[in-house]
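In: what follows is a protein structure lacking sequence information:
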């Protein structure tokens, strides 16, 4: 097919008159059965380079994409044009995915989007034997290179697959961001005479700013004053999940419409937020970098980073989604340059910690190797056998698979005969590389010249432009001048914001094929909901019951079963902490008392804890306050509980006791072992005393919640009607 | 990653085409210095002219060509799960298997998991009934013990009875084993779990020649027997009835001229071992040792030439039953000639064929063996 013919068909199917030259160049190569790596900036029209040929081929085009949001958008777009496309991913039910596979086998589909992880699914592998394949596409191809940012282990298998594909099957790999090194790595990995087409990376509508601040508070303060002044809607990237919560509570406190987004949300909430973002429902979405890649919104007007990303590539990638309509767009990067006692700048610490902590110790690698030399184990069994964090196990597993030391067979991991020794040199090289990239990111922060030129050069775009549009060239920098009223607001916020402990039980039941649940919300109101649908909040169970009573009688019965099941569960409320452990002076104070012989917990903690209690539980009546008996820190918790008891005028009870030896929970690195550690270790020495009573359950630090939940169980068995957890601090990802 | 593997699997599993035809294609490619990738990129005319494919075969290969990309998914999955895929041209392919089965029967691809080196070692097979008696199991244990002591690999078929005993004994005596599966390699999960330790220690190799996802079936169990025989140079029969897998396997082996040792049963046993001995099996005692040749002579008249007291005739006679190196002839016949003397004698005989390799092997021309092309030597 020549270009002229192709463009006539293009007009008919996609409504465009012409291809860009580079688009046609790519498509022409694919028609000839070649392999192509296409590096073009966001908004260039990379998707058309495979979507168009896919409509012309007789068989199916499989698109491996790591981005679920992008799959959804593209499939909807294609279906609107009458092109048969579907996706397979974890957001759909197994039945929906099976149906899609059936359609792919029967030849009904032209394009099938699929997450790389699916390559581990036997149903999928079996099904591929029956498909008529015409082309393979690897989207976001930088994720297949270990030197690229966001390397995805699952893509390792896709590379292996591509190597085994017949030589004349067209393969397209696309990415917006690849340095020369990543480009060469992709070329090498995909092999088979791959041809690379590279475009220019400059984004002329980008306005790049860096804001150096002297504290974390300055970030919150500047945003409080300036976020409402930024034009349009945008995204605020925070470095951690807990920061998405803190920033969004802060904006909530200020009545600025925002919402938080992170990978911990369920897929329906994520979908809802993505839709809300599309419709400008919020001024900004506060997110970890889990959001954004693959969001098909052309008018994201600003992106703020409260923490520096790991490298200039990450930064270019994350801001790349903004301003696709070509209109002026602001990209603001905060950097806290305050130095600590060791002379290290505050904002280097987090990315540095990711690099240092990203790789488990060699000892832990060997632990996993040794248990697998004895028998085949599943992931959970490895976690239990090694007492390692599941996040660490994930890294170790994928490295060991990468190095050919273990394999995954039917969800079990197997050590391999004749396996090579662990190659630690590869880890060191990677670490060096990451440190280098981080240092380049700091260079970007401290840059005195054109920021866009720096990014383009870094990404291997050799073009020569007059690069402007940043605070180092023609734009005036932002200033940090904060008025006192805003500072007062922040201090008010600090004293009114208390993290919730998710301790209330959740009861689920499938009724007519739909999964329903009952639990409590953060204000301890009853939530009744259907998985993936809207949920209703009720003041109490009685109100909910009257609603159920209006349903047809057989259905009624089912819902009453759900209610009764819920009533038989532990009577534990969602608790409250006075603070996060790591984000304020609270953690340091606790640490001094517990581990440095600093005496009783200081009084400011008492004040803060009382505040948290009153905010959460208000004027509710309690019969007793009980506290978690200590493992190692003596009477600290007891003494503090006594003070609480005096102020609150709730009698203290010392009868919650241990009947077995427990180890400090922090010894255990994962939730399974923490749960085992405390199981059946507590009792109440005079059960009759608490029958029908309500209690406050106090502890100093809340980590996995296993202890609180276990005690909640015990007390419920003895007939306690209400248990209200209260702690001084809640940890973030095990930070003690 | 061997990018040819996709093409090998595709070739190996083209339906309705005999192994011999597939191997002839491979030999032809070898002679013309072409790769299997080249083969699948040829025009149909080349298939017809240079590779002698008939019109109906071309249709089948054309269908196979369209399946190449989907086979890629299967190969990737198999490799990911730690299976080895070994084409007949690979250095890792069992030389014994290739030699014994020749181009007519040697599978173009074998699938394995475990220590590949095991295929290069000397090996014995012990076969027999699923319901073998205790004497047979004791015999199996003895033979496996001796083999393990001599660093010989024990090949067995993973059925109950004798097969299971052979494997268990080899493991017990710290020997090495090959398990030859009556099914596809990807359907053996419980076995991989059970022999996990032996596999990763390099003592067990699991091998299958069938479509990787094929479940166990009677047909595959029967088709596996020649593979067991093909993987070894010595075959011991513990117990056989007059029908069934062991029986037909041994008969097939004898027909193909293999040397097969059969346990001489005692008079109270009810089995077909004596019949197998009368048909050419070599009698051995419960320890697996040859029972004096003279004794077996009595039975020989049924199948073979009249008795011969002459050593020369004895050797020639022996070579009608198979392909042997000089040392083997000396040892088996217990003659007081040196190996060199046997070799020199045989090299000058017109009715004897010399098979190249180290050591030289000899056989009688009456045996209609395939004269093999270099790929199969």
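Out: Right, received. Where do you want to start? As the structure is a prediction and not an experimental result, all values here were calculated from the model. Numbers count the residues shown, from 1 in each chain, chains lettered A, B, ... in the order given.

In: just how off-centre is stretch A:81-96 within its chain?
Out: Relative to the chain's own centre, stretch A:81-96 is displaced by 23 Å; criterion: C-alpha atoms, centre = their mean, to the nearest Å.

In: ugh, typo on my part, it should be stretch A:691-700
Out: Using C-alpha atoms, centre = their mean, the offset of stretch A:691-700 from its chain centre is 34 Å.

In: with stretch B:76-94 instead?
Out: Stretch B:76-94 sits 18 Å away from the centroid of its parent chain (C-alpha atoms, centre = their mean).

In: need the three-state assignment for the nearest residue to residue B:173 once chain neighbours are set aside.
Out: Excluding the flanking residues, the one nearest residue B:173 by C-beta to C-beta, 6 or more residues apart in numbering or on different chains is residue B:148, at 3.8 Å. The C-beta positions use only the backbone N, C-alpha and C, and glycine is treated the same way. Assigned with DSSP: H, G, I helix; E, B strand; the rest coil, residue B:148 falls in the helix class.

In: from chain A, how far out is residue B:148?
Out: 19 Å (C-beta to the nearest C-beta, to the nearest Å).

In: my read is that that residue contacts residue B:168, right?
Out: No: counting by C-beta atoms under 8 Å, residue B:148 does not reach residue B:168; the two are 11.7 Å apart.

In: the spatially closest residue to residue A:386 that is not a sequence neighbour - how many residues pack around it?
Out: Ranked by C-beta to C-beta, 6+ apart and with sequence neighbours excluded, the top spatial neighbour of residue A:386 is residue A:367, at 4.6 Å. Neighbours of residue A:367 under the rule other C-beta atoms under 10 Å in any protein chain shown: 20.

In: which positions in the stretch 1-150 of chain A make contact with chain B?
Out: By the rule C-beta under 8 Å from any C-beta of the partner chain, the part of the stretch 1-150 of chain A lying against chain B is A:119, A:125, A:126, A:128, A:129, A:130, A:131, A:132, A:133.

In: mind listing which of those are in helices?
Out: Using DSSP state H, A:125, A:126, A:128 are the members of those that sit in helices.

In: pull the contacting residues for the residue most central in space within chain B.
Out: Centroid-nearest residue in chain B, with C-alpha atoms, centre = their mean: residue B:230, separated by 0.9 Å. Neighbour list for residue B:230: B:96, B:97, B:100, B:101, B:105, B:106 [criterion: C-beta atoms under 8 Å, 6 or more residues apart in numbering or on different chains].

In: one more time with 7 Å, if that's ok
Out: Neighbouring residues of residue B:230 by C-beta atoms under 7 Å, 6 or more residues apart in numbering or on different chains: B:97, B:100, B:101.

In: now stretch B:311-329: mean pLDDT?
Out: Taken as a whole, stretch B:311-329 carries a mean pLDDT of 83.

In: now do the buried residues in that stretch.
Out: B:314-326, B:328-329 (16 or more other C-beta atoms under 10 Å in any protein chain shown).

In: so which of those residues would you say is closest to residue A:349?
Out: Checking these against residue A:349 with C-beta to C-beta, the nearest one is residue B:325 at 73.3 Å.

In: can you pull the contacts of the closest one?
Out: Residue B:325 neighbours (C-beta under 7 Å, 6+ apart): B:359, B:360, B:361.

In: next one: residue B:222
Out: Residue B:222 sits next to residue B:245 when contact means C-beta under 7 Å, 6+ apart.

In: how about residue A:346?
Out: A:336, A:338, A:340.

In: same for chain B: which of these are within range?
Out: Checked against chain B using C-beta under 7 Å from any C-beta of the partner chain, the contacts of residue A:346 give no members in range.

In: which parts of chain A sit against chain B?
Out: Close to chain B, as judged by C-beta under 7 Å from any C-beta, chain A has residues A:125, A:128-129, A:131, A:133, A:157, A:160-161, A:163-167, A:169, A:373, A:375-376, A:407, A:409-410, A:414-418.

In: just the ones of the residues you listed in helices?
Out: A:125, A:128, A:157, A:160, A:161, A:163, A:164, A:373.

In: which of those residues count as buried?
Out: Applying 16+ other C-beta under 10 Å to these, the neighbour count classes A:125, A:128, A:157, A:160, A:161, A:163, A:164 as buried.

In: just say helix, strand or coil for the closest residue to residue A:374 other than its chain neighbours.
Out: In space, and not counting its chain neighbours, residue A:374 is closest to residue B:197: 7.6 Å by C-beta to C-beta, 6+ apart. Using three-state DSSP, the structure places residue B:197 in helix.
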